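J.: Could you look at this predicted model? Sequence included:
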Amino acid sequence: MAHPSRRCCSEDGAFLVLWALLLVGLFTMVAIVIDLGALRADRRTDRAAADAAATAGAADLSVSSSEGCTTAVSYAAQNLGLDDSAFAPVGAGCASWTSCATAGPARSVTYAGRGYDVTITHPVPTTDPLLAGADAVGGDIQQNGSALDGAQCDRIGVAITYKRATIFARVVGNNSNTTTVHSVARLNPDGPPDEPASLVLLERHDCRAARTQGNDTRIVISSIAPTPAEPTGSPGIIQADSAGDGACGGQTKVLEGGSGPLGPAIYAENARNGAGFVTKEARIGVYAKLLGSPNAHSTWPTDIGEPNPVGFRQIGRTPVDERFLENVRALDVAATPVVESATVPGGFTNATGPAPGLNLGCTIDTATAITAVSKLWFNCPGGLTVKNLAITSSDAEVVINGPLSITGSFTIRDSRKLWVRGRTTGNKIGVDVNGTLSVNNDGFPLCTQRFAADRTKIGTFFVKEGSFQAGSGAPLTMCQTFLYLRGTSTSTGPSYLPASVTPAPALPPAPASNTSLGKITVSSGVRLDWTAPNEMAVRPTLADLATHKFEDLALWTEASTTSSLNGGGGMRLGGVFFLPNADPFNISGNASQQIDVDAQFFVRKLDVTGGATLRMIPNPANQVPLPTTAVNLIR
């Protein structure tokens, strides 16, 4: 008997249905994993941005509430990869904030844009939710402790909310995810006093703000241990202003060096006692690290030491401008017409012309020292060439209408002024030293001895046009002397000085290229001994600088071309060397040579080459301090 057909009850096609259901579940899980991963990445990015914004905002609370708020918004935008203009206030913005009430309620403003809401809160009362949640697992708390919290007006909070459209989770009806993080930072108004930084790198964007080249080439910034005379000691500080967002191709970094048998190539050295304990900690502050930039420091962590680089806000040239700019401008105004004069300035003796002048001409080779005349004018538009000349009169002032070339020996034993017009044509060298130049040494072989004998004898060395060049291996001595290279590219060109001081916390204009000729080049083999005016034993106040106009200032040039000092013949430097546009300032020496300098460099970029170690030592009395307001991230 035949069985009836079972085709109507077959299970064919059931697998396809099950597989389709399985794929839906599989895609749902993949969607959740991918979108949760994106959510975690958002949270990490937003957390770093909130930390940086709160820290930077707290630092500027010392200026005003509105300034702290504005800075926090700007830092949040930069860390989130946005321009400041991407955010607009929702209602009243930062400018609406005036003074902070020590017992008042919290104030908040919100800026929105590109899916982000950034809310700034100041003050942050103790009862504010931003300070709550200490026991939350996986919450937003970073550290907790009322001892760290300070007063409510010292605290600023930053909350960042981001709404992200999902990529795959929308297949299950979830079209967006939201993350919210917050940070709170505290300004400590009783933090450490302002401190000198031996090396300040003013480049704003490009990498290689400082680098070493050559085996065992090193930059070492030492810390000074506390002593009875200096109870707090002095930290060795490197400050780099670059955001690391410019010319940073390949493996270039803001601080770039190698590591060899001597240790890290760029090194801020803690002071230690005999037992090895740190008595004064060094600091490497890098603005790029505050922004979370991958170009913050060297490729290999062992190349940077001792302390790990920390994020630190940009400094700019303002600390030096505030102290010296107007005095440098006054020197410029006073000296320029004198060196340009085609007639004998009042009170000066014509050293080149006939009687009643000295009749030395414009090429001088005499064994007879000038002892009685203290003010000499050389009218040599084509150039003054000195083969042998010594001026031993007291308080000497020398003015040269033209460039200066030294092929033998030129000594001004007790110099108050050496003012040179220079040249902007031909080789464009204002001062060309191919012999021995000794300025203000008072007969001593070393500037330290000159200083010990009489620290009140200081001089200015002004070069209006062209560069300063020294070669041939002969000694170059400039004691208690400030050198200003005006660097005019034409005889009537500008000084390149800023129009005015940019008051903090605003940043001054960034370093830039210009046509100034005012570079300095000291070649290999030259024995260089150079100290700045140093009439005071303590750090001068702004009032002191009305009298001691160039206290601690050794060099000022606005030139953007490479300047270089080679220490192969020996180098002693003391004072502030200000080259805010130099790209780069190059220090070089012989292999295994250690160049110890009691100096402070404010430069755009620094290169150290030749296998030498450049060791810089902080000196609070003789260097320009940087603001170091203490800020604690407390939540």
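T.: Ah, there it is. Keep in mind that what you see is a predicted model, and the values were worked out from it rather than measured.

J.: Tell me how many other residues surround the residue lying closest to Val184 once chain neighbours are set aside.
T.: In this structure, Val184 finds its nearest non-sequential neighbour in Arg635, 3.7 Å apart by CB to CB, 6 or more residues apart in numbering. To be clear about C-beta, it is placed using only N, CA and C from the backbone, and glycine gets the same treatment. Neighbour count of Arg635, defined by other CB atoms under 10 Å: 27.

J.: next one: Thr456
T.: For Thr456, using other CB under 10 Å, the count is 10.

J.: again with the one 3 residues further on
T.: The number of residues packed near Gly459 is 24, by other CB under 10 Å.

J.: Could you check the pLDDT of it?
T.: On pLDDT, Gly459 comes in at 97.

J.: likewise the one 3 residues further on?
T.: Looking at Phe462, its pLDDT is 98.

J.: does it have beta-bridge partners, and which?
T.: Judged by DSSP bridges, the bridge partners of Phe462 are Trp419, Tyr484.

J.: residues contacting it?
T.: Residues in contact with Phe462 (CB atoms under 8 Å, 6 or more residues apart in numbering) are Leu331, Ala335, Val339, Lys417, Leu418, Trp419, Val420, Tyr484, Arg486.

J.: Check the spacing between it and Thr161 real quick.
T.: For Phe462, the distance to Thr161 (CB to CB, to the nearest Å) stands at 58 Å.

J.: Where do the helices of this structure begin and end?
T.: Ranges of helices in the chain, per DSSP state H, are 14-59, 65-79, 146-149, 287-290, 318-340, 447-453.

J.: avg pLDDT for stretch 410-428?
T.: 96.

J.: To clarify, my last question referred to stretch 491-510.
T.: Mean per-residue pLDDT for stretch 491-510: 89.

J.: Quick check: buried residues in it?
T.: Using 16 or more other CB atoms under 10 Å as the test for burial, stretch 491-510 gives Gly493, Ser495, Tyr496, Leu497, Pro498, Val501, Thr502, Ala504, Pro505, Pro508, Ala510.

J.: Could I get the contacting residues of the closest residue to the third one other than its chain neighbours?
T.: Excluding the flanking residues, the one nearest Tyr496 by CB to CB, 6+ apart is Glu558, at 3.8 Å. Listed by CB under 8 Å, 6+ apart, the contact partners of Glu558 are Gly487, Ser495, Tyr496, Leu497, Asn514, Ser516, Gly518, Pro580, Asn581.

J.: Return the member of those residues nearest to Pro226.
T.: Pro580 (32.1 Å; CB to CB).

J.: From Arg313, how far out is that closest one?
T.: Relative to Arg313, and taking CB to CB, Pro580 is found at 18 Å.

J.: Could you check which of the two has the larger neighbour count?
T.: Using other CB under 10 Å as the criterion, Pro580 and Arg313 rank with Pro580 on top: 26 against 22.

J.: was I right about the more buried one contacting Val603?
T.: Yes. Pro580 is within contact range of Val603, at 7.2 Å (criterion: CB atoms under 8 Å).

J.: Find the residues that touch each one of the two.
T.: Residues touching both Pro580 and Val603 by CB under 8 Å, 6+ apart: Leu202.

J.: For Leu606, name its beta-bridge partners.
T.: Ala210, Phe585.

J.: So it sits against Ile587, correct?
T.: Yes. Counting by CB under 8 Å, Leu606 touches Ile587, with 7.0 Å between them.

J.: Please name the residues that touch Leu201.
T.: Ala209, Ala210, Ile238, Gln239, Ala240, Asp241, Ser242, Val254, Val603, Arg604, Lys605, Leu606.

J.: Tell me how far it lies from Thr460.
T.: From Leu201 across to Thr460, the span is 27 Å (CB to CB).

J.: Repeat that for Gly346.
T.: Distance from Gly346 to Thr460, counting by CB to CB: 18 Å.

J.: Specify which residue of these two has the higher count of neighbours.
T.: Thr460 (21 against 8).

J.: For the more buried one, give me its contacts.
T.: Per CB under 8 Å, 6+ apart, neighbours of Thr460: Leu331, Ala335, Arg416, Lys417, Leu418, Trp419, Thr481, Phe482, Tyr484, Phe550.

J.: go again using 10 Å as the cut-off
T.: Residues in contact with Thr460 (CB atoms under 10 Å, 6 or more residues apart in numbering) are 328, 331, 334-335, 397, 415-419, 481-484, 533, 549-550.

J.: do Ala88 as well
T.: Ala88 touches Thr110, Tyr111, Ala112, Gly113, counting by CB under 10 Å, 6+ apart.

J.: so what's the first one bridging to?
T.: What it means is Thr110. Here Thr110, judged by DSSP bridges, has bridge partners Thr119.

J.: just checking, it touches Ala76?
T.: No. Using CB atoms under 10 Å, Thr110 is not in contact with Ala76; the gap is 11.5 Å.

J.: overlap in contacts of those two?
T.: Common neighbours of Thr110 and Ala76, counting by CB under 10 Å, 6+ apart, are Phe87, Val118, Thr119, Ile120, Ala159.

J.: what's the neighbour count on the fourth one?
T.: The local packing count at Ile120 equals 27, with neighbours defined by other CB under 10 Å.

J.: do the same with the last one
T.: Using other CB under 10 Å, Ala159 is surrounded by 24 other residues.

J.: I figured it hits Thr110, correct?
T.: Yes. Counting by CB under 10 Å, Ala159 sits close enough to Thr110 to count as a contact (8.8 Å).

J.: what touches both of those two?
T.: Residues touching both Ala159 and Thr110 by CB under 10 Å, 6+ apart: Asp117, Val118, Thr119, Ile120, Thr121.

J.: any idea how far the last one lies from Leu255?
T.: Which is Thr121. 35 Å.

J.: List the contacts of the nearest residue to Gly257 once chain neighbours are set aside.
T.: Distances taken as CB to CB, 6+ apart place Ala265 nearest to Gly257, at 2.7 Å, with adjacent residues excluded. By CB under 10 Å, 6+ apart, the residues touching Ala265 are 210-214, 216-220, 255-259, 298, 300, 302-305, 608, 613.
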